[in-house]
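Whatever this is, show me its structure:
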Amino acid sequence: MPADKTLTNTETRYGLVSRSLHWLVAALIFANVPLGLIASDLPYDTSEALAQKAWLFSLHKTIGVTLFALALLRILWAVAQPHPVPVHPEKRVETFLAAVVHWLLYAALIILPLSGWVEHAALDGFAPILWPFGQGLPFVPKSEALAAIAGATHWLFTKILLVSVALHVLGAMKHALIDRDGILSRMVRGTPAGTPGATGTKVGPALLAALIVIAAGFGAGMLGASRPQAPTATAPSATAPETAPTASGNWQVQEGRLTFALAQMGQSVEGSFAGWTADIDFDQATGTGTVTVQIDTTSLHLAAVTEQAKAPEFFDVAAFPTATFKAEIAPAGESYAATGTLTLRGKEQPVTLPFTLKIDGDTATMTGETRLDRRDYGMGPSYPDEATVGFPVTVKIVLTAKRQP
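Residues are numbered from 1 along each chain as shown. This next block holds a predicted model:
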C-alpha cells in the first residue's frame with residue numbers, strides 16, 4: 001500500500017508532517033546517544049586524540065541543539081493537530097501507560113538537549129557547537145554550580161529518554177508482531193487504524209504521572225549536583241574574586257585576581273590561580289621598585305579542562321607546584337612596566353608586564369596585562385599547531401594594595 005501523502009492528522013491516521021518529524025527525531029536520537037557515549041570514553045592524551053574527542057563532542061552538541069529545535073517543532077505540531085484515536089480503548093491500563101511514555105518522551109526530548117546546552121553555555125572551554133551562534137544562552141551566566149546541575153540533569157534525562165524509547169519501541173513491536181492492529185503502519189505509511197470516535201486516556205492522569213517522574217529526575221539532578229566533590233574539582237570559578245595572601249614589602253595586597261586566557265578549538269577560555277602572593281616594594285616618588293610574585297600552580301582552574309591543564313603536558317603541577325615572576329618596576333610613558341623573568345615549569349623567560357596604577361592616599365589599584373607563548377615554557381609539545389590549543393596566552397592581573405607604615 002503506498003504511503004498516504006496527506007499533511008495533517010485525522011482521527012485514524014498520522015499525516016505526512018507528523019510522520020516525517022517522528023522519524024527524523026528518532027534518527028537523531030539513535031545517532032546522538034551513541035555519539036555522546038563514544039566521545040565520553042575516548043582518551044585525550046595526545047593532540048590527535050583530543051582533537052578527535054573534541055570534534056565528536058562538538059558534533060554531539062550540534063546534533064543535540066538541532067534535536068531540541070526539531071523536538072519543539074514536533075511537540076507544537078502535535079498539540080495543534082488531532083491525535084489519532086487509540087486502537088484498543090478497552091485496554092485502559094495499556095493505553096494509560098502508552099500515554100505516560102509519550103509524555104515522558106516529549107519531556108525528555110526538550111529537557112535532555114536543553115540541559116546539555118545550558119551546561120555548555122555555563123562553562124568556557126571544550127568542544128564548541130559547530131555553528132556561529134549558540135555558544136552562550138540568554139540569562140545563562142558562567143557558573144560552575146549551574147553547569148553541575150545542568151550536567152546532572154542531562155545525565156539523568158539520558159536514562160529517562162533511553163527507557164522511554166525502549167518502552168515505546170517494545171510497544172510498537174507488540175502492536176506489529178502480536179496484536180497486528182496496524183498501529184505501526186499508521187506511523188510508517190499513514191495507514192488508517194482505529195475506530196473514529198473512540199475515547200482514550202484522559203490527558204490529566206497520564207500527564208500527572210509523567211510530571212512526577214520528571215520532578216523526581218530534577219530532584220535527583222539537584223541532589224547529585226549538590227554533593228561534595230573531590231578536592232581537585234572544587235577550585236574557584238575563573239570569574240570568582242580571588243584574594244592573594246599577604247607578603248612582605250611596603251605595599252600589602254588586599255585582594256586581587258590573576259587570570260589567563262587562551263584559545264581552545266577556536267573559542268576563548270579563561271583560567272585563574274586561586275593561590276598567589278605578591279611581594280611589592282615601590283617608591284611612589286620615583287615610580288620605581290621591585291616585585292616578586294609566587295604562584296601556586298596547583299590552584300589552577302581552567303573551566304572544563306582543569307585536570308588536563310594540570311597534567312604533565314601543560315603546567316605539570318606535580319613536578320612544578322610553583323611559578324615565580326621577579327621584576328623591576330619603572331615608569332613607562334604615562335603608565336608603568338614590571339620587567340623581569342617568569343620561571344614556569346622550570347623554564348625561565350624574560351617577561352614585561354605593562355600596568356596602570358592609581359594611588360589614592362594609602363590605597364593603590366593596579367591593572368596589568370601581558371602576552372606569553374606556551375611553547376616558550378614547553379607546554380603542549382604534542383599540540384604543534386593552534387587547531388586545538390592556541391600558542392598565545394594572555395595574562396591579566398588586577399589587585400588592590402595598602403601602603404604599609
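
Now do the helix-or-strand element of the chain with minimal mean pLDDT: distance to the chain's middle.
Every helix and strand in the chain was compared by mean pLDDT, DSSP states H and E; the lowest is helix 203-226, with a mean of 75. Centroid separation between helix 203-226 and its chain, computed with C-alpha atoms, centre = their mean, to the nearest Å, is 23 Å.

Tell me the buried residues in that helix?
Ala206, Leu207, Ala209, Ala210, Val213, Ile214, Gly217, Phe218, Gly221, Ala225 (16 or more other C-beta atoms under 10 Å). For every residue, glycine as well, the C-beta is placed using N, CA and C.

Could the C-alpha coordinates of the helix or strand encompassing Ala401 be exported in CSV?
Assigned by DSSP states H and E, Ala401 falls within strand 392-403. Once non-C-alpha atoms are left out, strand 392-403 reads as follows in CSV (Å, rounded to 0.1, in the frame of the first residue of the first chain):
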residue,chain,number,x,y,z
PRO,A,392,49.4,32.9,22.8
VAL,A,393,48.3,33.2,26.4
THR,A,394,47.0,36.5,27.7
VAL,A,395,47.8,37.0,31.4
LYS,A,396,45.9,39.6,33.4
ILE,A,397,46.3,40.8,37.0
VAL,A,398,44.1,43.2,38.9
LEU,A,399,44.9,44.0,42.6
THR,A,400,44.4,46.4,45.4
ALA,A,401,47.2,47.1,47.8
LYS,A,402,47.6,49.1,51.0
ARG,A,403,50.7,51.2,51.9
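
Rounded mean pLDDT for that strand, please.
Mean pLDDT, computed over strand 392-403, is 95.

what does that strand rub up against?
The contact list for strand 392-403 (C-beta atoms under 8 Å, 6 or more residues apart in numbering) reads 244, 250-263, 278, 280, 353, 355, 362-374.

still on that earlier bit, could you dump the buried residues of helix 203-226 to a markdown table with distance to Gly346?
Output for those, formatted as a markdown table (distance: C-beta to C-beta, whole Å):
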| residue | distance to Gly346 |
| --- | --- |
| Ala206 | 65 |
| Leu207 | 63 |
| Ala209 | 62 |
| Ala210 | 58 |
| Val213 | 55 |
| Ile214 | 53 |
| Gly217 | 49 |
| Phe218 | 48 |
| Gly221 | 43 |
| Ala225 | 38 |
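
quick one: low-confidence ranges for the stretch 151-300 of the chain?
The stretch 151-300 of the chain contains residues with pLDDT under 70 at 200-202, 221-222, 224-248.

the helices in it, which residues?
183-188, 203-226 (DSSP state H, counting those that start in this stretch).

To Leu104, which of those lies closest?
helix 203-226 (5.0 Å; C-beta to C-beta).

for the closest one, packing partners?
Counting contacts by 3 or more C-beta pairs under 8 Å, 6 or more residues apart in numbering; DSSP states H and E, helix 203-226 is packed against helix 92-122, helix 144-173.

what about stretch 79-86, average pLDDT?
88.

ok, now stretch 39-50?
pLDDT averaged over stretch 39-50 gives 75.

Walk me through the domains of this structure.
For the chain, automatic domain parsing gives the domain ranges 16-227, 251-403.

now those domains as TSV including distance to Thr8?
What follows is those, written out as TSV (distance: least, C-beta to C-beta, whole Å):
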stretch	distance to Thr8
domain 16-227	6
domain 251-403	43
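
nearest to Lys5, of the ones you listed?
Lys5 lies closest to domain 16-227 among those, at 5.8 Å (C-beta to C-beta).

Please report the distance of Ala261 from Ala338.
As judged by C-beta to C-beta, to the nearest Å, Ala261 and Ala338 stand 19 Å apart.

Look at these two and report which has more neighbours.
Ala338 (25 against 20; other C-beta atoms under 10 Å).

Contact partners for the closest residue to the more buried one other than its chain neighbours?
Closest residue to Ala338 apart from its sequence neighbours, by C-beta to C-beta, 6 or more residues apart in numbering: Ala327 at 3.8 Å. Residues in contact with Ala327 (C-beta under 8 Å, 6+ apart) are Thr290, Val291, Thr292, Ala338, Thr339, Gly340, Thr341, Val351, Leu353.

go on, Ala51?
Per C-beta under 8 Å, 6+ apart, neighbours of Ala51: Ala387, Thr388.

give me the element it is part of.
Here Ala51 is assigned to helix 47-80, by DSSP H and E.

List the buried residues in that helix.
47, 50-51, 53-54, 56-68, 70-71, 74-75, 77-78.

For it, what is the distance to the chain centroid?
13 Å.

again with stretch 387-398
On the basis of C-alpha atoms, centre = their mean, stretch 387-398 sits 20 Å off its chain's mean C-alpha point.

What residues sit buried inside it?
Thr388, Val389, Gly390, Phe391, Val393, Thr394, Val395, Lys396, Ile397, Val398.

can you put the residues you listed in JSON lines and add distance to Val101?
Formatted as JSON lines, these follow (distance: C-beta to C-beta, whole Å):
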{"residue": "Thr388", "distance to Val101": "42"}
{"residue": "Val389", "distance to Val101": "45"}
{"residue": "Gly390", "distance to Val101": "47"}
{"residue": "Phe391", "distance to Val101": "52"}
{"residue": "Val393", "distance to Val101": "51"}
{"residue": "Thr394", "distance to Val101": "51"}
{"residue": "Val395", "distance to Val101": "54"}
{"residue": "Lys396", "distance to Val101": "52"}
{"residue": "Ile397", "distance to Val101": "56"}
{"residue": "Val398", "distance to Val101": "54"}
